[in-house]
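quick one: sequence and predicted model below, then my questions.
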Amino acid sequence: MSTKSKGFSRRRILGGSAVAFAAGTLGIPFVRTARAQVATFKAGVITSLSGENILGGNLTKRGYDLWAEAINAKGGVEVASQRFKVDMFDGDDQSNPATGADAAERLIVQNEVDVLFGPYTSGSTIAVQPICQKYQVPMISGSAESPNVWKAKPEFNFGIIPAVDTTAGKSLAVLAKLSNPTAKTIAVIGVNEPFSKETGEGFRDGAKEAGLEVVAYELVPASGDLTPVISKIAALNPDIVAVGGHEEPLINVVKTSKSLNFRPKALIMHYGVTDPAFAQALAADADGTSGVSVWLPSVQYKDDLFGTAREFAEMAQKKSGHEPDYTEAACAASGLVFGDAVKRLGKKPALTREDRVALKDAIAATDIQTFYGPIKFEKEGNHYHDNVQPVPVLIQIQGGKTVAVGPKEAAAADLTYPLPAWK
């Protein structure tokens with residue numbers, strides 16, 4: 001996606017350097033003037049614009065940018081019957097949590113942002129949370145799914161996507177119910193980093209609740225040869241293999257399984273399957289892989305800015321050439337949360353430290369319906385400040401496309417089970 005998006009200007013911060021440039025509104029070029037002259041809200045985006053998580057980082061960036069472009073096309077965020085545009089500033093965590101924390105501090109201190117939009121990975125999100133607390137700047141996280149993010153009870157961070165421990169296990173119950181003949185055994189692989197490990201644990205615990213026998217639970221590094229692990233699992237011949245990880249490890253699981261001529265009756269993953277890059281990287285070999293999604297363009301949700309889920313998807317596809325996944329949608333919805341909270345707060349830019357604390361409280365009180373679905377943050381417990389409202393949908397790649405296969409009331413196609421042998 002071009003950084004010169006219509007309707008908002010952006011200063012990019014990459015590796016600590018800042019470069020300002022102009023953008024266009026309604027086709028008329030302009031240069032962003034000093035904040036003292038033109039009141040604008042300033043939002044900082046922390047995500048992986050380089051490094052091993054760049055694919056997911058680009059998804060989060062696209063989602064946040066889509067909201068900024070859409071709201072600025074309407075004149076900006078509404079406060080007390082006036083509208084104020086949003087300036088977006090990027091911070092590259094370089095796929096490293098410590099770098100993400102440094103980037104967040106620069107955005108707050110140097111660029112004086114009013115709000116942060118959170119990282120792609122849970123590891124970086126956890127690293128940024130103390131920075132938000134230190135400077136009293138709220139962060140809305142459109143991607144983080146590790147339950148450890150919310151178990152820490154972050155005062156200034158709010159999550160749009162339900163944690164994986166609420167979604168991964170539930171998806172296995174749906175899969176087991178749809179399987180015919182009924183699945184009885186499962187092997188679980190988790191990549192040994194925050195989000196992926198918790199996803200693996202969610203699959204493992206959910207499998208037990210679904211009545212599946214866990215014949216193997218393996219933690220693997222994010223990179224390296226998976227042949228020994230897949231060989232061990234193949235010898236156990238489980239009905240289902242469940243994998244928690246980001247895009248590259250998931251792709252490697254499929255490639256390694258094919259190289260060993262091993263295909264379980266069902267292969268289920270979590271986030272990466274909904275990323276268009278997954279199907280593109282594997283081509284026909286991606287077919288049959290199942291996954292979990294908390295949003296699809298076919299869901300019956302809408303709001304005043306983006307319209308329906310389908311209309312949002314069409315807007316996103318026109319911009320990037322790819323149908324958006326649930327992470328991109330959740331990141332765009334993060335902006336809706338900010339706009340709603342600022343409107344209720346009634347404070348115009350620039351926000352003071354006291355205003356930002358009040359904004360944090362306004363975000364905590366969010367209760368809205370969006371194209372992404374309902375958003376309301378937990379006020380206590382292990383999912384403190386996480387939005388656990390969305391209901392997970394079991395999806396499967398069929399003919400190169402992602403389709404809903406369960407539960408039955410959400411299904412657009414039948415589950416392919418058992419999977420055919422590799423060709």
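That came in fine, so what should we check first?

for the residue lying closest to residue 145 once chain neighbours are set aside, phi and psi?
In space, residue 145 comes closest to residue 164 once its chain neighbours are excluded; the distance is 4.7 Å by C-beta to C-beta, 6 or more residues apart in numbering. For every residue, glycine as well, the C-beta is placed using N, CA and C. Backbone geometry at residue 164, expressed as degrees, to the nearest 10, gives phi -60, psi -20.

and residue 164, how many neighbours?
By other C-beta atoms under 10 Å, 29 other residues sit near residue 164.

pull the contacting residues for it.
145, 146, 147, 195, 198, 199, 202, 244, 270 (C-beta atoms under 8 Å, 6 or more residues apart in numbering).

could you tell me which residues within stretch 283-297 count as buried?
By neighbour count on 16 or more other C-beta atoms under 10 Å, the buried set for stretch 283-297 is 285-297.

what is the mean pLDDT for it?
Mean pLDDT, stretch 283-297: 93.

now do that stretch: distance to the chain's middle.
From the chain centre to the centre of stretch 283-297 is a distance of 15 Å (C-alpha atoms, centre = their mean, to the nearest Å).

got it, and stretch 380-398?
Worked out by C-alpha atoms, centre = their mean, stretch 380-398 lies 11 Å from the chain centre.

quick one, what contacts residue 113?
Residue 113 neighbours (C-beta under 8 Å, 6+ apart): 42, 43, 44, 89, 107, 137.

which of these fall in helices?
residue 107 (DSSP state H).

next, format the contacts of residue 113 as TSV and append pLDDT and neighbour count.
Formatted as TSV, these follow (pLDDT from 0 to 100; neighbours: other C-beta atoms under 10 Å):
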residue	pLDDT	neighbour count
42	98	19
43	98	26
44	98	28
89	98	24
107	98	27
137	98	26
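
biggest separation within the contacts of residue 113, which pair?
89 and 137 (12.6 Å; C-beta to C-beta).

let me have the contacts of residue 164 in JSON lines, extended by distance to residue 209.
Listed next are the contacts of residue 164 as JSON lines, based on distance: C-beta to C-beta, whole Å:
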{"residue": "145", "distance to residue 209": "19"}
{"residue": "146", "distance to residue 209": "20"}
{"residue": "147", "distance to residue 209": "16"}
{"residue": "195", "distance to residue 209": "21"}
{"residue": "198", "distance to residue 209": "16"}
{"residue": "199", "distance to residue 209": "16"}
{"residue": "202", "distance to residue 209": "10"}
{"residue": "244", "distance to residue 209": "16"}
{"residue": "270", "distance to residue 209": "17"}
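
out of these, which are inside strands?
Secondary structure assignment by DSSP state E places residue 244 of these in strands.

in CSV, list the contacts of residue 164 along with distance to residue 220 and neighbour count.
Compiled in CSV, the contacts of residue 164 are given as follows (distance: C-beta to C-beta, whole Å; neighbours: other C-beta atoms under 10 Å):
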residue, distance to residue 220, neighbour count
145, 19, 33
146, 17, 24
147, 20, 23
195, 14, 30
198, 15, 24
199, 13, 32
202, 16, 29
244, 10, 29
270, 15, 29
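
let me see the contact set for the closest residue in space to residue 221 that isn't next to it in sequence.
Closest residue in space to residue 221, ignoring its immediate chain neighbours: residue 192 at 5.9 Å, by C-beta to C-beta, 6+ apart. Contact analysis of residue 192 by C-beta under 8 Å, 6+ apart lists 219, 220, 221, 222.

OK, contacts around the second one?
Residues in contact with residue 220 (C-beta under 8 Å, 6+ apart) are 189, 190, 191, 192, 226, 229, 249.

just those residues: which are in strands?
Short answer: the contacts of residue 220 in strands (DSSP E) are 189, 190, 191.

what about the last one, distance to residue 222?
Just to be clear, that refers to residue 191. From residue 191 over to residue 222 the distance is 5 Å, taken as C-beta to C-beta, to the nearest Å.

what touches both of the two?
The contact lists of residue 191 and residue 222 share 245, 246, 249, where a contact means C-beta under 8 Å, 6+ apart.

is it true that the last one touches residue 190?
If I follow you right, that is residue 249. No - the criterion here is C-beta atoms under 8 Å, and residue 249 misses it with residue 190 at 9.6 Å.

now list whatever residues contact both of those two.
Counting by C-beta under 8 Å, 6+ apart, the common neighbours of residue 249 and residue 190 are 196, 220, 243.

one step back: which of the buried residues of stretch 283-297 sits closest to residue 357?
Using C-beta to C-beta, the buried residues of stretch 283-297 come closest to residue 357 at residue 294, 29.7 Å.

tell me the contacts of residue 313?
By C-beta under 8 Å, 6+ apart, the contact list for residue 313 reads 297, 323, 324, 329.

out of the residues you listed, which is most surrounded?
In these, the most neighbours by other C-beta under 10 Å go to residue 329, 33 neighbours.

that residue contacts residue 293, doesn't it?
No - between residue 329 and residue 293 there is no contact under C-beta under 8 Å: 9.6 Å.

adding distance to residue 303 and secondary structure, write the buried residues of stretch 283-297 out as a markdown table.
Converted to a markdown table, these look like this (distance: C-beta to C-beta, whole Å; DSSP: H, G, I helix; E, B strand; the rest coil):
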| residue | distance to residue 303 | secondary structure |
| --- | --- | --- |
| 285 | 37 | helix |
| 286 | 32 | helix |
| 287 | 34 | coil |
| 288 | 34 | coil |
| 289 | 31 | coil |
| 290 | 29 | strand |
| 291 | 25 | strand |
| 292 | 24 | strand |
| 293 | 19 | strand |
| 294 | 16 | coil |
| 295 | 13 | coil |
| 296 | 16 | coil |
| 297 | 14 | coil |
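
in which helix or strand would I find residue 333?
Applying DSSP states H and E as the criterion places residue 333 in helix 326-345.

ok, back up a step: adding distance to residue 130 and pLDDT, write the shared contacts of residue 191 and residue 222 out as JSON lines.
Formatted as JSON lines, those follow (distance: C-beta to C-beta, whole Å; pLDDT from 0 to 100):
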{"residue": "245", "distance to residue 130": "26", "pLDDT": "86"}
{"residue": "246", "distance to residue 130": "24", "pLDDT": "79"}
{"residue": "249", "distance to residue 130": "28", "pLDDT": "89"}
